[in-house]
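Chemist: quick check, what structure comes out for this input:
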Amino acid sequence: MTLSSVWMLLAASLAAACGQLLLKLGAQHRIHAVEFLNAPIAIGLLLYLCGTLLWIYVLSKEKLVVVYAFTALTFVLVYLGAVLTLGESLTLKAGAGVVLVLAGLYLLAS
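Modeler: This next block holds a predicted model:
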């Protein structure tokens, strides 16, 4: 995998994770459908779209098996973002899972 592909996949994962965090922020404490039309949700969707477009571009150049492994990085980034920005709890078990996911990603991408 080329270094530029890795950077694009990192950017795509970061965009998707930030998008997910913004979707959560925009959806919190909302009940009625019209309340879901707000800036955090709009920006979250835009970030998710940008990440998806980068993802598709890298798919055109690299093997699916390696590119798909980077979806795991998005899970890690969302978890860390939720802990840091939303005050969700960090547990030893989940921390160990993050380490294992990162180790697996390293093994697949190298």
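Chemist: was I right to think residue 48 contacts residue 17?
Modeler: No. Look at residue 48 against residue 17 with C-beta atoms under 8 Å: they stay out of range, at 9.5 Å. All C-beta spots, glycine's among them, are computed from the backbone N, C-alpha and C.
Chemist: who touches both of the two?
Modeler: Residues touching both residue 48 and residue 17 by C-beta atoms under 8 Å, 6 or more residues apart in numbering: none at all.
Chemist: when those two are compared, which one has more neighbours?
Modeler: A direct count of neighbours by other C-beta atoms under 10 Å for residue 48 and residue 17 places residue 17 higher, at 23 against 19.
Chemist: I'd like the next helix or strand past the worst-scoring helix or strand of the chain on mean pLDDT.
Modeler: Using mean pLDDT, DSSP states H and E, helix 64-69 stands out as the lowest-scoring helix or strand of the chain, at a mean of 87. Sequence order places helix 71-85 as the next helix or strand after helix 64-69, per DSSP states H and E.
Chemist: with only the CA atoms kept, save that next one in CSV.
Modeler: Extracted C-alpha coordinates of helix 71-85, given in CSV (Å, rounded to 0.1, in the frame of the first residue of the first chain):
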residue,chain,number,x,y,z
THR,A,71,-12.9,0.5,9.1
ALA,A,72,-11.5,-0.8,12.4
LEU,A,73,-9.6,2.4,12.9
THR,A,74,-12.9,4.4,12.6
PHE,A,75,-14.3,2.3,15.5
VAL,A,76,-11.2,3.2,17.6
LEU,A,77,-11.4,6.9,16.8
VAL,A,78,-15.1,7.0,17.6
TYR,A,79,-14.5,5.3,20.9
LEU,A,80,-11.7,7.6,21.9
GLY,A,81,-13.7,10.7,20.7
ALA,A,82,-16.7,9.6,22.7
VAL,A,83,-14.5,9.3,25.8
LEU,A,84,-12.8,12.6,25.2
THR,A,85,-15.7,14.8,24.0
